[in-house]
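Trainee: Output the structure for:
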Amino acid sequence: QVQLVESGGGLVQAGGSLRLSCAASGSIFSINTMGWYRQAPGKQRELVATITSGGIYNYADSVKGRFTISRDNAKNTVTLQMNSLNSEDTAVYYCNLRFLAVRGNYWGQGTQVTVSS
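Mentor: Modelled structure (predicted):
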């Protein structure tokens, strides 16, 4: 069983920054992708950024240049540094871990990010 625990959400003014962290525990296969997705009210969940255990990045166009994803493979953690936040970034952010060699796709409980204008 795999558990993901997120931290770092909150309320911030437009133009500000927040840092989200996610720690994975349990039976984790080393070849995987960790990342962040978000869901705003009335919208579908969407990709924000992912990073593979090999260090390959993928960002949504809407966050390129503002958000930075990083990970620590030894600690099974992933971090999302969010800068220049705007109201369109308001959403519940979910940490995700997906195994690449075997079946397994896991989600955190979600953390609220609210950007006030």
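Trainee: can you tell me which residue is nearest the centre of the chain?
Mentor: residue 36 (2.2 Å; C-alpha atoms, centre = their mean).
Trainee: Nearest spatial neighbour of that one, chain-adjacent residues omitted?
Mentor: Distances taken as C-beta to C-beta, 6 or more residues apart in numbering place residue 48 nearest to residue 36, at 4.3 Å, with adjacent residues excluded. Every residue, glycine included, has its C-beta placed from N, CA and C.
Trainee: Counting by contacts, list what the helix or strand hosting the residue nearest to the centre of the chain packs against.
Mentor: Following DSSP states H and E, the helix or strand that holds residue 36 is strand 32-39. With contacts taken as 3 or more C-beta pairs under 8 Å, 6 or more residues apart in numbering; DSSP states H and E, strand 32-39 sits against strand 18-26, strand 46-52, strand 67-72, strand 77-82, strand 91-99.
Trainee: could you dump those to a markdown table with mean neighbour count?
Mentor: Shown next, in a markdown table, are those (neighbours: other C-beta atoms under 10 Å):
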| stretch | mean neighbour count |
| --- | --- |
| strand 18-26 | 18 |
| strand 46-52 | 19 |
| strand 67-72 | 18 |
| strand 77-82 | 21 |
| strand 91-99 | 21 |
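Trainee: Same list, those, but as JSON lines with distance to residue 10 and mean pLDDT please.
Mentor: Output for those, formatted as JSON lines (distance: least, C-beta to C-beta, whole Å; pLDDT from 0 to 100):
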{"stretch": "strand 18-26", "distance to residue 10": "6", "mean pLDDT": "97"}
{"stretch": "strand 46-52", "distance to residue 10": "16", "mean pLDDT": "98"}
{"stretch": "strand 67-72", "distance to residue 10": "16", "mean pLDDT": "97"}
{"stretch": "strand 77-82", "distance to residue 10": "11", "mean pLDDT": "98"}
{"stretch": "strand 91-99", "distance to residue 10": "11", "mean pLDDT": "97"}
